[in-house]
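A.B. asks: after the sequence you'll find the predicted model.
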Amino acid sequence: MKTFIVKLWAATLLSYLFVAMPAQAQNQRQNNESCLYQQTATPNSKAFEGALQQYFRSRTNEAHRVTKQQKAAGNPRYVIPVVFHIYGTEWKGNSGKVYPVNDAIVKEALEAVNANFKGGNDPVNPRFQSIEGRMDVEFRLAQIDPKGNTTTGIIYHEYQEGFALNGTRDKDIARYAWNNFKYMNVHIQLILKSGSTTNSGTAWLPSTGMSEEGTARVVYNGKYLLYTPPASSLTHEFGHFLGLEHTFKGGCTRGEGDKVSDTPATTGGEVSGDCSVNTDLQNCFNEFINVQNHMDYNPCEAMFTQGQVTRMEGFLDLHEARKTLWANDNLIATGTVTMPANRRVVFTYQQITDSDQDKYLNLVEHFDNDGKILNKRKIKAEGVQFARLGALQQGVHYAVSGVPAGLTVNINVIDQTMAEISLAGKANQHNKANSTNFTVTLLNPAIIGGVSQLTHVTGTYTIDFLEAYGRYYEVFSKHIEMGYTTPNRLPQNSSFESFAIGGKFSVLLRNFDGDQVTLDNYETNLEVLCNTNTKQVRVLSENTTISATSAGTWQGRAGVTDQLPIITSPGYTAWRGKTAYAAIRIPTINNSYLYGWLLLEASADGSYVKGIAYGLREKPGASMTTTITKPMVVYYNDRFVEAKTNDGAMANDILVELKNASFANRGVLTSGTHYTIKNVPAGLIFEVNVLDSKRARLKMKGNSTYQGHSANQGWDYRNNIELEFLNAAFTSGNAATIIASKYTLNMEFLGKSFIKTLENEVMDLNQGSPNSANFSLLTSHQSLSRAQVTYQLQLYKTGQSSVPGLKFISWRKDAIANDNYELTPLGYGIKIGPSSSWKKGRQYHLGRGQHMIDSDVYQAWRGKRQYIGIRFQRSGRMHYGWIEMKVSSDGKVLQFLSCAVSAIPDQSIVAGTLLSADDRVYCTAKGNNGPEAITKVQLGAINNSSDRGAIGYQDYRYISTTVARNSSHNLRVEIEGYRDGSDDEMYAWVDWNQDGDFDDSGETIAMNKTGNLVAVATVTIPANAVLGSTNMRIKVSYRSTTACGSFSYGEVEDYTLNIALGTTANTRAANRAEGNDLVVFAYPNPVKKGGTLYLKVNTNTTQKGAVNIKVIDLLGNVIDRANSKEEKKNEKLIKINTANYKAGIYLLRTTLGETVHTMRFVVK
C-alpha cells in the first residue's frame, strides 16, 4: 500500500493523455508538458493537504449542515453542475468510422459516469469488494447559463482543437468556458494535442488559480464518449477533476504515490485484453493489484476505493476551486437544484448541424463591417409548443429591449418546437465600443397555453461589433525565437483577435528536426508563402505586396508529421544573416484570408531565428504590403542577456528603430523627461542613446546585484522591465500615437553551473508498463522562453519503428553519438564541447529516431555507468552538459543518476564534473575488489592512515605537502595484501607538468618493496616542475600497472603536492602561470577555517592593472572575490578571510589582463 504523504501539487497537469486502443484498452502515453501553476500553487499545497488530513479524521460541521440541506431536497450529497462544450461536427476513427456526438450521446455518457461514481454496478474482484467506494454524487447538466438563460448544458461551438495543451490555448479556453467556480467545464474535441486523433482525455487537479483564469477543465475526445466499459475513461478524467491521481503514480514504491492508503502500489497498465483475465496480478511487494480501479490504465475499470471516495469528498468540501460548485445557492443559480422543468423554452440552444457562424458565442457584426449582423440564434420549446409557424410579430408575440438603433429583431418559428432569432438592418453605431446586450421576452400569444407555465420567458443576447478595418501592427514581447538543438515551446499569442479567424492570432517557430527552424503552420493554422513548389519560406524585401496572387506557393496547414515550412536548415540558407519578411495568411470563417507578414531575423549561421514583429490586414481578402505605415517603435531585440563573465553585467545592447516618426534629440536621453523605466535590477543603470532621427541603442550599464533566484540555481530572468517613451522623445510630441512606445523589456541571467541528483528516474523493462524516466534539467522557470530542457527514455518495439530499440529522447536537442545516431557512452573526465561528435535530436517517431541506447545490434551501454554528452541553446547561446546513466548488464534496467550543465555559454564541460576543459581532470582509476588496500602513505607533511574505500578509490587531494624544485623526499606506502602481499605491487605517479595526466617522461615513481606490505621510493622534484598544486597518485594492485582505469584487485588514492621555488616549508605553496608571467604564493596552505589566507602576487610582466581573484568551490560556484588596485611595483599582497568557508578543497583563479592561472588550496 502507498503511504499517505502530506503533500499536494494542486495544479499539476497529470500527463493523462493515453491512446484508446481498439480492444477498449487504455495505454499510457508519455508527456512532458509544463505545469504553469505548479510553482504558485505549491506553497499552499502542504497546508491544504494538512487540512485534508484533518478532514479525514473528522468531517467539518459545515459539511454536515450542507449535506442535510441537500438531502432534505431529495438530492445526493453532492450535485455538480456540468456544461459540455462540443467543438466541431465529426469524430472519425482510424478506420474511417464516424462516431456520433449529440445530446443523446452526451446524456448517456454522463449517466454512465454517475453510475460509476455511485458504484456497485459492475462486478468487482472479491478481494476488493470490501473496500469498494460508493460516492453520493451526481453530475447534472446545467440548466441556466451565466447570462441567466435557460440551457441544455450542451453547447455546440465552431471547430477548435488543442485544449489539452497546457498554456497554449488558455485565452481561447477561458473565452469559451463558463464560470469555473459555478460550472464544471468539459470540452469535447477530436484533436486534444499534438495532432493525434487517438488521445482519449486529460484533466487537471483542483487549482484556484486555474478556476480564476477560466482554464479548470476536462478535455475529452468525442469518439470515446461511449465505449465498453461505458464512459470508463471519462470517469477516469472526472476522478482527476475531483482530486485523484493515478494509482500508478510513483510506480511500485512505498513513496507518496497517489496519496490514498487503500490503493496497492502498481506500475499501471498491467492488464491487456478482456476484463476476465489477469485479475490476480501482484505487485513488487506481492500485494494483489487493484486492476479494476478507475484511476489505472486497464480495460476493466469498475471501482473507486473507499479511500479515493474520501479524498474526492475532501476536495469538494474544502478546496476553494471545488466547494462552490455544489453549494446550494449555486445549484439554484445554475438550475440544477432540481431536475429540468417539464415545460420551458431554452434560450441558449445550438444544434451540431448549425453553421460555424451560428455557433459563435455571441451575435457578431458581418465581416463587411457595415453594421449588419452575421449570425442567428435558435430557441427551443420543451414540453410546450409555439402557437404559430413562420414570423412572430414584435409587440404581440414578443418584446425586445436594448436593441441598437438601426437593427430589428425577428423571430421565425421553424416548427412547433424550434424558432430562430435574427437581426435585420444595420446598426447606426457599430464600433467595438458599441457592443451591447439586448433581451427578448416571449409574450402569451407566442406559446400555446401562454407563458405563465414557463420557468423563464426572457433570453439575453450579446452583440459584438467590429472596429473599422485597417492595418494592425505589433512588436512581439517576448520575441518568438527558436534555434537548432533548442527545446520547442508553446505558440505565442498576439494581441490581435478577430471573429473572422475565430479568436487570437498566434505564432510558433519550431525546431522541426533538430537542425531546422520552421514556421509551425500546424498548431497555429497559418498558410505560409514559400518558394514555388517547395516548403522553403520565401524571403521578402520591403514594400512587397502580399495577396492570393503572390509569386510562389502558399503552403496550407501541415499534417502532424509533415515537413513544416523551413526558414533555415543546412540545405536552405537564403535567410542566413538577414532581417526580412515572411508572408502569411490566416483562413477566415467566410472562406477567405487575412493577409499579413512576419518580420524575422536569422543568425549568420542560420542556427537561431527570432520573430520581431508582424502586420495584418484586418479586412478579409485584402492585400497587405511588407512595410509599416503607422508610427511605431521596432525593437530588434527584446532582452538583455548576462555576459559570460557571469558577474551581473549585460552582454548586449538593443537597437530600436522608429517608423513614420522621428526622435527629437540626439545622444543620451534623460530619464523622467524623455522616458521612464521601471523594475531595473539594482546595480544596473539603463540608458537610451539616440544615434540619429530614426535609431537608438538601449543599454544596461554596471553589474546587477540580483543574479537569479537561488531556488533556480540562479538560472532566472526578469520579464517586467517597463520602458515608456514620453512625449518629449519624439518630434510629434505625442507618444500615445506611436505603437510600442510602451514596451516590456526582458533580462536573462546565466546562473550557476550545477550538478543535480536524480531520484527514481528508472526505466525497468521487466515491468508491464515501465516508466519513461523523464526529467527536466531546466524547468520552465529557468529560462525566459519558459521552455523545459527535458529528457526521457522510450522503448520502440518491432512494428513501432523501422529501427526498434530503446532510445534516448532529447526532444530535438543534440547529444554525442556515432554516425548511426547510437548514443556514445562517455567516461569520467571526457571533454564535452563544440568539437564533440554531435548528432541532432531528430523526430523521435521516424526512422532511427533520436539516439539509440540499446538494440539487437547496439549494446555498448550494457553493464556500464557512464555519461551522455548533451547541449542546448538558451536565448541563442549554447550550453554544454552531461547526464550520468547506469544500464544493467542485460539492457533491461536503465537509470538516470545525475545531470549537470555549465552556466557559461560556449564553455565546454568535463563529464562527471563542473570543470571546463581548461581545468585539469585526471583519469579515473579504481580497484573493483579487495583485500588489497592502501593503509598508509607518508611523504613530507603527508602522513595518512586509511582503510580500504568502498569503491576502490579514495580522494585525499585535500591532504598536501609542499616541496621545492630539486629537493628530494622519502615516500613510504604500506598496504594490506592478498597472501601477505607477496603478489601485490605498489606504484606512484606525479603530474610534474600539470597537464592532467601521468603519461610524461619522469612522472612514474619507481617503488621498491622492502617487505611484502611496504614499499619506499626517493622522490626528486624536477628542476622544471611547474610551480603550484599537482596530483600524486598511489596504487596497489595485483597485475595492473597503469595509472588509469578500473582493475580487478587493489586500490587507488590521490594526494596533492605543492611545488615551490626554493623552500620546503610546509606552510607555503606557490603557483605560477605559463611563461613566468604571474606567480602567486598562498600561505598557509592548508589554512584553518576562519584563518587568513595570504596571497603574494608577483607580476613578472609588462601588463598593468588590478589583479582579480576568484575563489571557486568544486561545484564550480564562485564563492568569493578579491582584487588589488593597480600598483607600480610588481608585487601585491592580498588577504582572504576564510570565516565563511566550509572545510574542503577550493580553486584560486588569479587574473591579470589576459593572463589567468588556477591553483588549489585547502581549508581544514
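C.D. replies: That came through, no problem.
A.B. asks: what's around the nearest residue to residue 1087 once chain neighbours are set aside, how many residues?
C.D. replies: Nearest-residue entry for residue 1087: residue 1093, 4.8 Å, with adjacent residues in sequence omitted and distances by C-beta to C-beta, 6 or more residues apart in numbering. Every C-beta, even on glycine, is put in place using the N, C-alpha and C of the backbone. Residues near residue 1093, counting by other C-beta atoms under 10 Å, number 23.
A.B. asks: any idea how far residue 1093 is from residue 1164?
C.D. replies: Between residue 1093 and residue 1164 the computed distance is 12 Å (C-beta to C-beta, to the nearest Å).
A.B. asks: before we move on, what about residue 1147?
C.D. replies: 17 Å.
A.B. asks: so these two - more neighbours on which side?
C.D. replies: When residue 1147 and residue 1164 are compared for neighbours, residue 1147 comes out ahead with 18 against 13, by other C-beta under 10 Å.
A.B. asks: check what pLDDT residue 798 gets.
C.D. replies: According to the per-residue confidence, residue 798 scores 82 in pLDDT.
A.B. asks: surely it touches residue 805?
C.D. replies: No: applying C-beta atoms under 8 Å as the test, residue 798 and residue 805 come out as separate, 9.5 Å apart.
A.B. asks: more crowded one of those two?
C.D. replies: When residue 798 is set against residue 805 and neighbours are counted by other C-beta under 10 Å, the residue ahead is residue 805, at 22 against 9.
A.B. asks: dump the residue contacts of the closest residue in space to the more buried one that isn't next to it in sequence.
C.D. replies: Nearest non-adjacent residue to residue 805, counting by C-beta to C-beta, 6+ apart: residue 855, 3.0 Å away. Taking C-beta atoms under 8 Å, 6 or more residues apart in numbering as the contact definition, residue 855 lies against 803, 804, 805, 806.
A.B. asks: give me the neighbour count for the first one.
C.D. replies: Right, the one you point to is residue 803. The burial metric for residue 803, expressed as a neighbour count using other C-beta under 10 Å, is 16.
A.B. asks: ok so residue 55 is a helix residue?
C.D. replies: Yes: counting by DSSP: H, G, I helix; E, B strand; the rest coil, residue 55 is found in a helix.
A.B. asks: that one contacts residue 315, correct?
C.D. replies: No: under the criterion of C-beta under 8 Å, residue 55 is not in contact with residue 315, lying 9.5 Å apart.
A.B. asks: looking at these two, which has the bigger crowd around it?
C.D. replies: Counting neighbours by other C-beta under 10 Å for residue 55 and for residue 315 shows that residue 315 has the greater number, 22 against 18.
A.B. asks: low-confidence bits of the stretch 351-500 of the chain, can you list those?
C.D. replies: In the prediction, the stretch 351-500 of the chain carries residues with pLDDT under 70 at positions 490-491.
A.B. asks: give me the mean pLDDT for stretch 972-989.
C.D. replies: Stretch 972-989 comes out at a mean pLDDT of 91.
A.B. asks: give the buried residues for it.
C.D. replies: Of the residues in stretch 972-989, those scored as buried under the neighbour-count criterion (16 or more other C-beta atoms under 10 Å) are 972-978, 981, 984-989.
A.B. asks: can you pick out the most distant pair from those?
C.D. replies: By the measure C-beta to C-beta, 978 and 989 form the most distant pair in those, at 22.6 Å.
A.B. asks: re the thing from before, of the buried residues of stretch 972-989, closest to residue 472?
C.D. replies: Within the buried residues of stretch 972-989, distances to residue 472 taken as C-beta to C-beta reach their minimum at residue 989, with 71.1 Å.
A.B. asks: look up the closest residue to the closest one, ignoring the ones flanking it.
C.D. replies: Spatially, and ignoring its direct neighbours in sequence, residue 989 is nearest to residue 998 (3.8 Å; C-beta to C-beta, 6+ apart).
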